[in-house]
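**Q** here is my input; please provide its structure:
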Amino acid sequence: MSTVLSEQEQQRRLNLQAIIDLGINPYPADEFEVNVSAADILENYERDKLNYKRIRFAGRIMSRRVMGSASFVELQDSTGRIQAYVKRDDICPEEDKTFYNSVFKKLLDIGDIIGVEGFVFTTQTGEISIHVEKLTILTKSLRPLPIVKEADGKTFDAFTDPEQRYRMRYVDLIVNPQNRDIFVKRTKLFSAMREFFNNAGYMEVETPVLQSIPGGATARPFITHHNALDIPLYLRIANELYLKRLIVGGFDGVYEFSKNFRNEGMDRTHNPEFTAMEIYVAYKDYNWMMDFTERLLEHCALAVNGTTKAVFGEHEVDFKAPYKRISMAQSILDFTGFDIIGKSEEQIRSAAKDMGIAVNDTMGKGKLIDEIFGEKCEGNYIQPTFITDYPIEMSPLTKKHRDNPELTERFELMVCGKEIANAYSELNDPIDQRERFEDQLRLSEKGDDEAMFIDQDFLRALEYGMPPTSGLGIGMDRLIMFLTNNPSIQEVLFFPQMRPEKVAKVASDSDYIALGIPAEWVPVLQKMGFTTIESLKEANPNKVFNDLGGMRKKMKLDIAMPGKEDVLAWFN
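**A** The predicted structure follows:
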């Protein structure tokens, strides 16, 4: 990012001032009441022309064909683009034609937002357009938009660089309006899920983002400090333990769309800030929750795409219930030939090494198994598949399996080799839960910085009695990736986390003047691209002297040309 204005930016500021000098407010406060959209006009005008005799439309100028006394502009609103026909004598009915000849033709730019009043008609070439009878400037744009050009079916100068698109999402949404559909579908997903839960009688709640104990998951937290209480606090890594407290308190079913934060790596499927949905229902188990999850995702896929099928990369995924179910132990046995049941930590570590999996001594039994499954099994599940019955070491908040105490009643839902849902028969035995937390503490002492903290207040809540409960968590960002065919999580977040933008260093006028450069020549050197003293010093003095003469002529400057010796002295 640079503070030096480009030639176009400078011209737009001159245009802005010219508009102001004509007595026109380029940023009016008045309401501009819109009564129609581009999509509405294009979809309905032909069959209901009488309703489009008096319309008020607002949009951004995306292209223009300025001619003599009549011109065309293409306007874009949130629903699409439509052509507008602007005739000089219509918007300037009096003798003074300044508004058309000067303001519209010369001072308005692509990217400006205008309001128009008039009627809809069809041009001689058959294009539905707005005939403008009145035009109002609503916002003057001071930066030029990237202009996407098309010729012979090919696109040029498209705004496609991912880093620029994510960093300037506002520009991306303007010039790549097809990307808006991702976020429209994201909203549909949240609405569909809420509808499903509300119809089932469950209540949406809110729980703290700042927590004294970062519980409910195994992850490294972000740490902050509360000045008034003088205590450390953590941005939540999960909302699970608070929602379970509400089940203790007597609610039969609660859910929350939760912004969670994990101070870990970033890649195409992970962002340090992400959205999860968690729901807890009393008197249910993980078998019930598998049926519930199938019906939920089938409902959501239909709401978002109108079909249970979604294309993701080279795969077509079908979210129609029922889904395949397989235990984690069986999955590992199928893909590696190694049976984890009954094996010690060292046996599993040795097996992982034999499989070529990177492990270390800080990893406990649960993490070792997780590494094996992640490396050897996870990627094989393309269609929605429930992986069930996780080893107890991997699931410190889950009930022991009713048939095998080495396992837990837990499932994860895999789609295209990635987990999108995690669910348990929730552990409600406070004594067992305390022992599991203490096991996590021992892992932490071994160096596992993702091990869970002991939450004493949550244990106290369990001691008051939590009914048998099943809980489900869904990664909303990852789910919408699959429903919109986006392999990168950054594509489905409006503003993904990014490194700070590098700010270009710009020398001050006094830095140039200190070299002996006359003040009137400083803007000329900056316009030539010498925005730092270092960049000037690296240039060829003779070329700089010659280019100054060219710029003086081009800019029609009425200032004395410095001598060649003077320019050479700047470099010494």
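**Q** how many neighbouring residues does Asp48 have?
**A** Counted by other CB atoms under 10 Å, the residues lying close to Asp48 total 9. Every C-beta, even on glycine, is put in place using the N, C-alpha and C of the backbone.
**Q** for Val36, see how far away it is.
**A** 12 Å (CB to CB, to the nearest Å).
**Q** next one: Ser102
**A** Remark: distance between Ser102 and Val36 (CB to CB) = 29 Å.
**Q** more neighbours, those two?
**A** Each of Ser102 and Val36 has its neighbours counted (other CB under 10 Å); Val36 has more, 21 against 14.
**Q** quick check: closest non-adjacent residue to the more buried one.
**A** Ile55 (4.6 Å; CB to CB, 6 or more residues apart in numbering).
**Q** can you pull the pLDDT of Ser191?
**A** According to the model's per-residue confidence, Ser191 sits at a pLDDT of 98.
**Q** repeat for Asp157
**A** Each residue has a pLDDT score; the one for Asp157 is 59.
**Q** list the residues that contact Ile340.
**A** If you count contacts by CB atoms under 8 Å, 6 or more residues apart in numbering, Ile340 has them with Met328, Ala329, Ile332, Leu333, Ile348, Ile369, Ile372, Pro391.
**Q** hmm, which of those residues is lowest in pLDDT?
**A** Scanning these for pLDDT, the smallest score is found at Pro391, 88.
**Q** what's around it, how many residues?
**A** For Pro391, the neighbour count with other CB under 10 Å is 25.
**Q** who is it paired with across the strands?
**A** With beta bridges defined as DSSP bridges, Pro391 has these partners: Leu407.
**Q** is it in contact with Met328, as I believe?
**A** Yes - using CB atoms under 8 Å as the test, Pro391 is close enough to Met328 to be in contact (7.1 Å).
**Q** spit out the residues that contact the two alike.
**A** When contacts are counted by CB under 8 Å, 6+ apart, Pro391 and Met328 are jointly contacted by Ile340, Ile369.
**Q** Ile372 versus the spatially most central residue of the chain, what's the distance?
**A** Averaging the C-alpha coordinates of the chain gives a centre point, and the residue nearest to it by CA atoms, centre = their mean is Leu493 (1.4 Å). Here the distance between Leu493 and Ile372 works out to 31 Å (CB to CB).
**Q** could you do Val66 as well?
**A** With CB to CB as the criterion, Val66 and Ile372 are 67 Å apart.
**Q** cool, and Ala321?
**A** With distances taken as CB to CB, Ala321 is found 29 Å from Ile372.
**Q** for Ala310, same thing?
**A** 29 Å.
**Q** before we move on, what about Pro162?
**A** 33 Å.
**Q** likewise for Thr408?
**A** Thr408 sits 17 Å away from Ile372, taking CB to CB as the criterion.
**Q** more crowded one of those two?
**A** For Thr408 against Ile372, the residue with the higher neighbour count under other CB under 10 Å is Thr408, and the figures read 27 against 24.
**Q** thinking the residue nearest to the centre of the chain is in contact with Asp477, fair?
**A** Yes - with the criterion set as CB under 8 Å, Leu493 and Asp477 qualify as a contacting pair; they are 6.4 Å apart.
**Q** what do the two both touch?
**A** Residues touching both Leu493 and Asp477 comprise Asn271, with contact defined as CB under 8 Å, 6+ apart.
**Q** contact partners of stretch 528-537?
**A** Residues beyond stretch 528-537 that count as contacts (CB under 8 Å, 6+ apart) turn out to be 2, 4, 504-507, 511-512, 515, 525, 539, 544, 547-548, 551, 570-571.
**Q** give me that answer again for 7 Å
**A** Ser2, Val4, Ala504, Lys505, Val506, Ala507, Asp511, Leu525, Ala539, Asp547, Met551, Phe571 (CB atoms under 7 Å, 6 or more residues apart in numbering).
**Q** helices of the stretch 201-350 of the chain, start to end?
**A** Under the criterion DSSP state H, counting those that start in this stretch, helices of the stretch 201-350 of the chain are mapped to 240-248, 286-305, 328-336, 345-354.
**Q** send the alpha carbons of the second one over as PDB?
**A** Coordinates of the C-alpha atoms in helix 286-305 are reproduced here as PDB (Å, rounded to 0.1, in the frame of the first residue of the first chain):
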ATOM      1  CA  TYR A 286     -24.600 -40.800  19.600                       C
ATOM      2  CA  ASN A 287     -26.700 -43.400  17.600                       C
ATOM      3  CA  TRP A 288     -29.700 -41.000  17.700                       C
ATOM      4  CA  MET A 289     -27.300 -38.100  16.800                       C
ATOM      5  CA  MET A 290     -26.100 -39.900  13.700                       C
ATOM      6  CA  ASP A 291     -29.700 -40.200  12.400                       C
ATOM      7  CA  PHE A 292     -30.300 -36.600  13.300                       C
ATOM      8  CA  THR A 293     -27.100 -35.400  11.500                       C
ATOM      9  CA  GLU A 294     -28.000 -37.300   8.300                       C
ATOM     10  CA  ARG A 295     -31.400 -35.600   8.200                       C
ATOM     11  CA  LEU A 296     -29.900 -32.200   9.100                       C
ATOM     12  CA  LEU A 297     -27.300 -32.200   6.300                       C
ATOM     13  CA  GLU A 298     -29.800 -33.500   3.800                       C
ATOM     14  CA  HIS A 299     -32.100 -30.600   4.700                       C
ATOM     15  CA  CYS A 300     -29.300 -28.100   4.500                       C
ATOM     16  CA  ALA A 301     -28.000 -29.300   1.100                       C
ATOM     17  CA  LEU A 302     -31.400 -29.000  -0.400                       C
ATOM     18  CA  ALA A 303     -31.900 -25.500   1.100                       C
ATOM     19  CA  VAL A 304     -28.500 -24.300  -0.300                       C
ATOM     20  CA  ASN A 305     -28.400 -25.900  -3.700                       C
END
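**Q** tell me the helices and strands packed up against that helix.
**A** Packed against helix 286-305, as judged by 3 or more CB pairs under 7 Å, 6 or more residues apart in numbering; DSSP states H and E, are the following elements: helix 180-199, strand 410-415, strand 418-425, strand 469-475, helix 476-484.
**Q** name the residues of it that come out as buried.
**A** Buried residues in helix 286-305, counting neighbours by 16 or more other CB atoms under 10 Å, are found at 286, 289-290, 292-294, 296-301, 303-305.
**Q** many thanks, I have nothing further to ask.
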